[in-house]
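J.: Give me coordinates for this.
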Amino acid sequence: GRNEEILHFNYQVEISNLLNFRKKGGRESVELFMQTYFLRAKQVGELTRIFLTAMEARHVLNKPNIRNSIRNAFKFAHENAPKGFIFEHGRLNISDPKTFLKDPKNLILLFKHGLEIEMLIHPDALRLVAGNLACVNEKYRKDPETVKIFLELLLDYNNPERALRRMNEVGFLGAFIPEFGRIVAMMQFNMYHSYTVDEHTIQCIINLALIENKKLTEDLPIASEILEKGVNRKVIYLALLLHDIGKGLPEDHSIAGSRIASKVSKRLGLDAAETELIVWLVKNHLLMSDVAQKRDISDPKTVKEFVNIVQSKNRLNLLTVLTVCDIRGVGPQAWNNWKAVLIRQLYRDSIVALEDGNLIVPVIKDANHLNLAGLAKSVNDLSNRARLNQLQPGETKDGTYTVTNIGNFGSIMGTPIINQPQVGIIAFGVIRKMPSVIETSNGDFLGIRRKIILTHSYDHRIINGAVGGNFVKYVADFLESWEIDTKLN
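T.: Next up is the predicted model:
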């Protein structure tokens, strides 16, 4: 057959056995083999980049170029470069390696300047960083200034992907956060995950930045709204960066990862509340996905159990955003409409259950089987339990039908506007004397009668015109035939 130069999934186990890789520390032999392969492939990629840059530089030097001539003449490029850096063939490079290495903070500043001026970093500069990672020791990791710069890289430049990717490629990210270094090039041997753990993490952060920059508003309305209203950005970005950091350890990676996240968060200077929130998110980062996809979320008990774990609206908002980014970061086909609908439904049901004192719309179940006394009893029961915050999630689900008495405020009529979960509203105006045509066997006469105007609004996608019209007629006939001794029970 034709050479494809592809290491197919089906052959990976066989090759790992032939190369004598053995299962170790909870990881399969094929996973260890593939991590070794990816690490070597990364080194080859780095060498290729250096070679191509050298070839490009030689080509540029030997080829006259008016733009380069003008730059060299007026020295625009070097004058605008950050101190200690130069622009070389459209890339950011280091002017003097010896001076650069005298202050180890320059290692991380290289990546910051690359984001600030939106320029690629020269392979020579990246190679210098890779060769001096010994400078990134425990003291360096705890230095307030380097921590500040790292957090700025993560939070202040719209999309930290390029900096994270470059830092990861040269080993700086794994040196600055050694716990992250362990998952670099780590693969998971299944058909679900398309990326290595470190690449999956970067893909998750790419998605978070896209949502935050309003690039996915139509696809992800709830996550977009949550970020637009505002969350602790430091918490959500670091939680995503660390959510799979426990992968490859013998125990549950969520439990192991939460302990590691606590250690890393404290080292990065987060306060106790932020650290606790990140730890909770890492520990429960699969919770929403599992409940939405594996449980019956139409069952109020399921939602109640989920809410009892989440406990707060802030946690729910952060977990929802993290869950969406985590699923989308798995691979191109991982996110679909089915998952989107499930996540949205679980979020909406949970937010209602978590609301404290805000307006909610409880639903009277099987209202069509109740008489007026039964409806009155149900409304009274719901009202009492709502005041005590004892409503269950299922009692605010499905369509609702609202009766509003605008006549209490002297209004003759109005046009009520439905708002989900409402499917219809009937409004009763004030009772007033009005001119009326009175039909008799002796002819029609103009007289004065007490009248009430009913206004009916409904969602035509759910209730068709015939049903809506007949309902108003039924109510009108019922009221016109009302007798004082009409029984309600």
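J.: And stretch 122-133, how far out from the chain middle?
T.: How far stretch 122-133 lies from its chain's middle: 34 Å, per Cα atoms, centre = their mean, to the nearest Å.
J.: What segments of the protein are strands?
T.: Here the chain has its strands, by DSSP state E, at 85-88, 91-94, 400-404, 422-428, 432-440, 443-451, 454-458.
J.: ok, of the ones you listed, where does mean pLDDT dip lowest?
T.: If you rank the strands of the chain by mean pLDDT, strand 400-404 sits at the bottom with a mean of 76.
J.: Let me know the angle separating that one from strand 454-458.
T.: Here the directions of strand 400-404 and strand 454-458 differ by 160 degrees (axes from the mean of the first three to the mean of the last three Cα atoms, to 10 degrees).
J.: start at 35 instead
T.: New numbering, starting at 35: the last item is strand 434-438.
J.: what lines up beside strand 434-438 in the sheet?
T.: strand 456-462 (parallel) (DSSP bridges).
J.: that older thread, wait, which of the strands of the chain is closest to residue 325?
T.: Closest to residue 325 of the strands of the chain is strand 434-438 (Cβ to Cβ; 24.6 Å). All C-beta atoms are positioned from the backbone trio N, CA, C, and that covers glycine.
J.: Report the contact partners of the residue lying closest to residue 271 once chain neighbours are set aside.
T.: Of all residues not flanking residue 271 in the chain, residue 188 sits nearest, at 5.1 Å (Cβ to Cβ, 6 or more residues apart in numbering). If you count contacts by Cβ atoms under 8 Å, 6 or more residues apart in numbering, residue 188 has them with 194, 198, 268, 271-272, 275.
J.: Repeat that for residue 415.
T.: By Cβ under 8 Å, 6+ apart, residue 415 has no neighbours at all.
J.: quick one: the helices in the stretch 235-384 of the chain?
T.: With helices called from DSSP state H, counting those that start in this stretch, the stretch 235-384 of the chain shows them at 255-263, 267-276, 287-301, 306-317, 321-328, 334-344, 347-362, 371-388.
J.: need the ones you listed in a markdown table with distance to residue 89, can you?
T.: Output for these, formatted as a markdown table (distance: least, Cβ to Cβ, whole Å):
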| stretch | distance to residue 89 |
| --- | --- |
| helix 255-263 | 43 |
| helix 267-276 | 35 |
| helix 287-301 | 40 |
| helix 306-317 | 44 |
| helix 321-328 | 46 |
| helix 334-344 | 55 |
| helix 347-362 | 37 |
| helix 371-388 | 46 |
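J.: And for the residue nearest to residue 449 when sequence neighbours are not counted, the neighbour number?
T.: Sequence neighbours aside, residue 489 is the residue nearest to residue 449 in space, at 6.3 Å (criterion: Cβ to Cβ, 6+ apart). The tally of other residues near residue 489 (other Cβ atoms under 10 Å) stands at 18.
J.: correct me, but residue 489 touches residue 451?
T.: No - using Cβ atoms under 8 Å, residue 489 makes no contact with residue 451, being 11.0 Å away.
J.: Let's have the helices of the stretch 235-384 of the chain in TSV, adding distance to residue 239 and mean pLDDT.
T.: TSV is the format used below for the helices of the stretch 235-384 of the chain (distance: least, Cβ to Cβ, whole Å; pLDDT from 0 to 100):
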stretch	distance to residue 239	mean pLDDT
helix 255-263	13	95
helix 267-276	6	98
helix 287-301	15	97
helix 306-317	14	97
helix 321-328	18	96
helix 334-344	23	92
helix 347-362	8	97
helix 371-388	19	90
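J.: so which of these gets nearest residue 125?
T.: Going by Cβ to Cβ, the one of these nearest residue 125 is helix 267-276, 26.4 Å.
J.: ok, back up a step: so which of the helices of the stretch 235-384 of the chain is nearest residue 145?
T.: Minimum separation from residue 145 across the helices of the stretch 235-384 of the chain (Cβ to Cβ) falls at helix 267-276, 14.9 Å.
J.: So which residue is dead centre in the chain?
T.: residue 355 (2.1 Å; Cα atoms, centre = their mean).
J.: Could you pull up the residues touching that residue?
T.: Going by Cβ under 8 Å, 6+ apart, residue 355 touches 242, 245, 257, 260-261, 265, 270.
J.: same thing but at 6 Å, please
T.: By Cβ atoms under 6 Å, 6 or more residues apart in numbering, residue 355 lies in contact with 257, 260, 270.
J.: neighbours around the last one, how many?
T.: Counted with other Cβ under 10 Å, residues neighbouring residue 270 total 25.
J.: before we move on, what about the second one?
T.: Other residues within reach of residue 260 by the criterion other Cβ under 10 Å amount to 21.
J.: Spatially nearest residue to the residue nearest to the centre of the chain (excluding sequence neighbours)?
T.: In space, residue 355 is closest to residue 257, 5.0 Å off (Cβ to Cβ, 6+ apart).
J.: Residue 358 is in contact with the one you found, correct?
T.: Yes - using Cβ atoms under 6 Å, residue 257 makes contact with residue 358 at a distance of 4.7 Å.
J.: how much space between residue 72 and residue 436?
T.: To residue 436, residue 72 is 58 Å away according to Cβ to Cβ, to the nearest Å.
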